[in-house]
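K.L.:
sequence and computational prediction follow.
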Amino acid sequence: MTFARKLALAAAILLGFVASAPAEDAPMQINGATTVNARQIFDLIEKNPRIVILDNRKEEDFAAGHIEGAIRLIDTDVSAETLAKQIPAKDMPVLFYCNGVKCGRAAKATEKAIQLGYTRVYYYALGMDEWNKEGLPLVK
């Protein structure tokens, strides 16, 4: 193997390691949204019975268990049209969640909703990771 090929191979291997570095965790706070924890969700639902709860996880995660009343809308499908179908008015409360900060889907969906002008946005950053650790109820 020539020196140039060895050098190219070494560079490719090094770049592979850099490219496969773990992604950053999702943020705990998002400008324009109110971050809530698992226990605060119960108060939020009680005070806002018309709140729309959007589960931004994959189908198999949703099927394995979700918060009661949640509607599955994966983050990659969040758009002006899909949000308008679920949330009748931009000032209606909406809660986004996923599997937690390692997942990041809720963060992306929350940011998109804020960009689209939704004003009463709640973000459950710790998501199902915390929900399950707390032993809170799930709907299957």
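P.N.:
The structure has been received and is ready for your questions.

K.L.:
now residue 131: closest residue in space that isn't a chain neighbour?
P.N.:
Distances taken as C-beta to C-beta, 6 or more residues apart in numbering put residue 38 closest to residue 131, at 5.2 Å, once the chain neighbours are dropped. (C-beta placed from N, C-alpha, C; glycine too.)

K.L.:
can you give me the pLDDT of the one you found?
P.N.:
pLDDT recorded at residue 38 is 95.

K.L.:
find the centremost residue of this structure, please.
P.N.:
residue 106 (1.4 Å; C-alpha atoms, centre = their mean).

K.L.:
quick one: pLDDT of it?
P.N.:
Predicted confidence (pLDDT) for residue 106: 98.

K.L.:
isn't it up against residue 67?
P.N.:
No: with contact defined as C-beta atoms under 8 Å, residue 106 does not reach residue 67; the gap is 11.8 Å.

K.L.:
residue ranges for the strands of this structure, please.
P.N.:
Counting by DSSP state E, the chain has strands at residues 33-35, 52-55, 71-72, 94-97, 121-124.

K.L.:
pick the most deeply packed of the ones you listed.
P.N.:
Per residue and on average, the most neighbours among the strands of the chain fall to strand 94-97, with a mean of 27 (mean count of other C-beta atoms under 10 Å).

K.L.:
okay, now residue 40: neighbour count?
P.N.:
Other residues near residue 40 come to 13 when the count uses other C-beta atoms under 10 Å.

K.L.:
distance of it relative to residue 122?
P.N.:
Distance, residue 40 to residue 122, using C-beta to C-beta, to the nearest Å: 9 Å.

K.L.:
which regions of the protein sit below the pLDDT cut-off?
P.N.:
Along the chain, the model assigns pLDDT under 70 to residues 1-23.

K.L.:
okay, stretch 118-126 in PDB with CA atoms only?
P.N.:
Extracted in PDB, the C-alpha atoms of stretch 118-126 (Å, rounded to 0.1, in the frame of the first residue of the first chain):
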ATOM      1  CA  TYR A 118     -47.900  29.200  18.500                       C
ATOM      2  CA  THR A 119     -47.900  31.200  21.800                       C
ATOM      3  CA  ARG A 120     -48.800  28.800  24.600                       C
ATOM      4  CA  VAL A 121     -46.200  26.100  24.100                       C
ATOM      5  CA  TYR A 122     -45.100  23.700  26.800                       C
ATOM      6  CA  TYR A 123     -42.000  21.500  26.500                       C
ATOM      7  CA  TYR A 124     -41.500  18.300  28.500                       C
ATOM      8  CA  ALA A 125     -37.800  18.100  28.000                       C
ATOM      9  CA  LEU A 126     -37.200  15.000  30.200                       C
END
